[in-house]
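In: Requesting a structural model of the entry that follows:
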Amino acid sequence: MKKSAKMTDITLLKAFSEKGRNNYEVAIIPLYGDWLSNSLETTELLELLNVESFSGYVARKDHSVSFLLCRTAKVPFYEQWLEENEIAFLEALPNEIEHLCRHFDCIKSDTLRVHPSGIANYQAFEDLKFRTVDFDLRLIQEILTSKN
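Out: Reported below is the predicted structural model:
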């Protein structure tokens with residue numbers, strides 16, 4: 001598993017809880033399988049509903065994303081992949097991602113929230129509410145669509 005200079009099938013996003021980013025929270029988004037078709041359905045629904053409000057979002061249950069939390073005082077190795085950025089792409093095998101999720105506290109995402117502008121984030125609810133930084137969903141969809 002390593003950081004990639006180009007877009008890959010695994011995205012790492014900074015995340016945080018209501019208390020901030022105290023446990024090096026991140027979300028791992030696998031961009032393979034049904035992810036693209038599901039996210040395209042969500043953005044199509046958004047356009048169909050014609051949500052005009054500035055704060056209007058469409059939410060979709062999406063449990064494919066894993067939030068990782070590191071509850072030790074030591075900085076986890078995945079932080080180096082983010083550096084000062086909020087997003088990183090990884091070259092990793094599915095079993096490496098599974099191992100990473102087993103090693104750290106892992107919470108599955110509840111919801112993908114998409115704004116009419118195409119900006120999105122993931123949320124999960126456990127004892128605390130967790131949320132990723134915002135990312136450009138439409139740009140990721142366009143890149144993945146052009147690859148296929």
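In: partners of the worst-scoring helix or strand of the chain on mean pLDDT, with directions?
Out: Here the helix or strand of the chain ranked lowest by mean pLDDT, DSSP states H and E is strand 58-61, holding a mean of 81. Strands adjacent to strand 58-61 in the sheet, as given by DSSP bridges, are strand 111-114 (antiparallel).
In: For the next helix or strand after the partner strand, what does the pLDDT average out to?
Out: Scanning forward in sequence from strand 111-114 by DSSP states H and E, the next helix or strand is strand 119-125. When pLDDT is averaged over strand 119-125, the result is 92.
In: got the contact list for strand 119-125?
Out: Identification of contacts with strand 119-125 by C-beta atoms under 8 Å, 6 or more residues apart in numbering yields 13, 15, 27, 29, 62, 65, 67, 107-114, 129-137. Yep, even glycine has a C-beta here, placed from its N, CA and C like the rest.
In: Of these, which belong to strands?
Out: Cross-referencing the contacts of strand 119-125 with the strands (criterion: DSSP state E) gives 13, 15, 27, 29, 67, 107-108, 111-114, 129-132, 135-136 as the overlap.
In: coming back round to it: could you identify the buried members of the contacts of strand 119-125?
Out: Neighbour-count burial (16 or more other C-beta atoms under 10 Å) applied to those gives 13, 15, 27, 29, 62, 65, 67, 107, 109-114, 130-133, 135, 137.
In: SS state for Glu142?
Out: Three-state assignment for Glu142 (DSSP: H, G, I helix; E, B strand; the rest coil): helix.
In: what do you get for Leu36?
Out: Leu36 carries the three-state label helix when classified by three-state DSSP.
In: Quick check: next helix or strand after the helix or strand where Trp81 lies?
Out: For Trp81, the host element (DSSP H and E) is helix 79-82. Stepping forward along the backbone from helix 79-82, the first helix or strand reached (DSSP H and E) is strand 87-91.
In: what's the closest non-adjacent residue to Leu40?
Out: In space, not counting the residues next to it along the chain, Leu40 is nearest to Gln141; the distance is 6.1 Å by C-beta to C-beta, 6 or more residues apart in numbering.
In: Check the gap between that neighbour and Lys19 for me.
Out: 32 Å (C-beta to C-beta, to the nearest Å).
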